[in-house]
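Undergrad: sequence plus the predicted model coming up.
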Amino acid sequence: MTAVPAVPRQLPAHHAWLDAECRRLIAFGARSALPDGGAAYLDTTGTPDPTHGVLTWITARTTHAYSLGVLLGVPGSAAVADAALKALTGRLRDAEHGGWFHALAPDGTPDRAAGKSCYNHAFVLLAASSAALAGRPGGATLLAEAADVYLTWFWDDDAGRPVDTWDAGFTRADDYRGLNATMHSVEALLAVADAVEVLDASDAPGVGGGASAWRDRAARAARFVVELATAHDGRLPEHFGPDWTPVLGFNRNQPDDPFKPYGATPGHGLEWSRLLLNVEATIGTDEALAAAAVRLFDRAVDDGWAADGAEGFVYTTDWDGTPLVRQRMHWVVAEAIAAAAALHRRTGERRFADSYAAWWDYAERHLLDRTGGSWWHELDPHNIPATTVWPGKPDVYHALQATLLPRLPLAPTLARALRAGLLVSSPEGTDGRGQPA
């Protein structure tokens, strides 16, 4: 009888490889810590690029990543997490109107023109949750403040999903609604639930109604995505009017916008695929969530992978699946890896494990920069490093999570799972909720 080939993601040697890559990424980003607080945007060598100023989303993602580093026991992580956290509790915080500025200019002036975005605030929520669970000074206080700001200004309980953007003074909300901010909100809502549940009541008294309320919010937003996936054949609309009617022609003249591109974004289909399974693992078996996760994954792969004859995922497609922006973004591959691992865990189907292995092979060949460090953030259609959308190597968030998610259960979220010691030698040692299989 011919032996069935081993599934690479289940091999201890592969887990050792993931651990080494995780630590390589943490080492690369260590220079992001700024003396006055915050995290720098990094160039291709890991050197801070001051021309970008201090961005809240970069700072928050760095707080999150290096709080995970603390929980992993990686020396030096605490200093980076604390430097980033210092800006979230200090100079990036709007002491007058509440919430967080989008950025500080290179001279330290707050960017008020960009307003207050849900995207930024969702990452502040995630950062605060991870920092609190990692025991970083000020983390629990930041979590309570960020939760209050998010629920006051961004969460629309009637819609079951968030408002996207306010002006700087929280006097007027933009009519635009976006799925990108909703996606990162779901990630953050699950993280807040875990943090609230773990922390002593004295650290987070009644934050946002408790863990179950945060999970319910995440589930409501996730079920909206299930509806979208069904209605649009797995291609998710990203842009909406104030009543959440899709605006399919939005930004038609800016197809390569880094945050709001025209068309369908296969990478977000993959990211949502994994997040739907995270939600399911948190709330209990829900076949609609699981089926939508498969639908989104399959559509993203069919439309996006090698769509123009070369390896790699294209950035965007038109609504019939035709590739539009053919640049390859590193974050898409990172999310594809995480989604494939999650679907293999959830379904046991070998095809997901095979995709997982194939995409790590692609990343090793084309994305992992063994000379300069980290991953190339953008490749051209021929898989040559490019900078048309993403100059430099801004942060390690997506790539770092790709080294961790395959080694952890589908729930709880990353910081709680690491704190609980769930980073086991084989991902089959626990079920999707971190309990013995």
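TA: Right, received. Where do you want to start? Numbers count the residues shown, from 1 in each chain.
Undergrad: show me where this protein has helices.
TA: Applying DSSP state H to the chain gives helices spanning 12-28, 56-72, 77-88, 118-133, 139-149, 179-198, 211-231, 266-283, 287-304, 330-347, 350-362, 397-404, 414-419.
Undergrad: got the ones you listed as TSV, with mean pLDDT and mean neighbour count columns?
TA: Bear in mind the C-beta positions are built from the backbone N, C-alpha and C, glycine included. Putting the helices of the chain into TSV (pLDDT from 0 to 100; neighbours: other C-beta atoms under 10 Å) gives the following:
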stretch	mean pLDDT	mean neighbour count
helix 12-28	97	17
helix 56-72	98	28
helix 77-88	98	23
helix 118-133	98	29
helix 139-149	97	22
helix 179-198	97	25
helix 211-231	97	20
helix 266-283	98	27
helix 287-304	98	21
helix 330-347	98	25
helix 350-362	98	19
helix 397-404	98	24
helix 414-419	98	24
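Undergrad: quick one: Asn383 and His330 touch, right?
TA: No - in this structure Asn383 lies outside contact range of His330 using C-beta atoms under 8 Å: 11.5 Å.
Undergrad: quick one: Thr371 from Phe28, how far?
TA: 12 Å (C-beta to C-beta, to the nearest Å).
Undergrad: Arg350 touches Arg9, doesn't it?
TA: No - at 11.2 Å, Arg350 and Arg9 do not qualify as touching, with contact defined as C-beta under 8 Å.
Undergrad: find residues that contact each of those two.
TA: Residues touching both Arg350 and Arg9 (C-beta atoms under 8 Å, 6 or more residues apart in numbering): His344.
Undergrad: relative to Arg172, which of the helices of the chain is closest?
TA: For these, distance to Arg172 was read as C-beta to C-beta. The smallest value, 14.6 Å, belongs to helix 118-133.
Undergrad: for Gln254, give its distance to Gly139.
TA: Gln254 is 37 Å from Gly139, by C-beta to C-beta.
Undergrad: actually, Gly373.
TA: According to C-beta to C-beta, Gly373 stands 28 Å off from Gly139.
Undergrad: swap in Leu248?
TA: 41 Å.
Undergrad: okay, now Trp44: neighbour count?
TA: Residue 44: Thr, not Trp. Per other C-beta atoms under 10 Å, the neighbour tally for Thr44 reads 18.
Undergrad: wait, it sits on Lys393?
TA: Yes - counting by C-beta under 8 Å, Lys393 is a contact partner of Thr44 at 5.6 Å.
Undergrad: now do the shared contacts for those two.
TA: Common neighbours of Thr44 and Lys393, counting by C-beta under 8 Å, 6+ apart, are Asp369, Gly372, Trp376.
Undergrad: need the residues you listed in CSV with pLDDT, can you?
TA: Converted to CSV, these look like this (pLDDT from 0 to 100):
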residue, pLDDT
Asp369, 98
Gly372, 96
Trp376, 98
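Undergrad: buried subset of those residues?
TA: Buried subset of the shared contacts of Thr44 and Lys393 (neighbour count, 16 or more other C-beta atoms under 10 Å): Asp369, Trp376.
Undergrad: nearest to Gly267 among the shared contacts of Thr44 and Lys393?
TA: When the shared contacts of Thr44 and Lys393 are compared against Gly267 (criterion: C-beta to C-beta), the nearest one is Trp376, at 15.4 Å.
Undergrad: pull out the buried positions in stretch 258-267.
TA: Lys260, Pro261, Tyr262, Gly263, Ala264, Thr265, Pro266, Gly267.
Undergrad: burial of His102, as a residue count?
TA: 21.
Undergrad: wait, what's in contact with it?
TA: Neighbouring residues of His102 by C-beta under 8 Å, 6+ apart: Leu55, Thr56, Asp111, Ala114, Gly115, Lys116, Ser117, Asn120.
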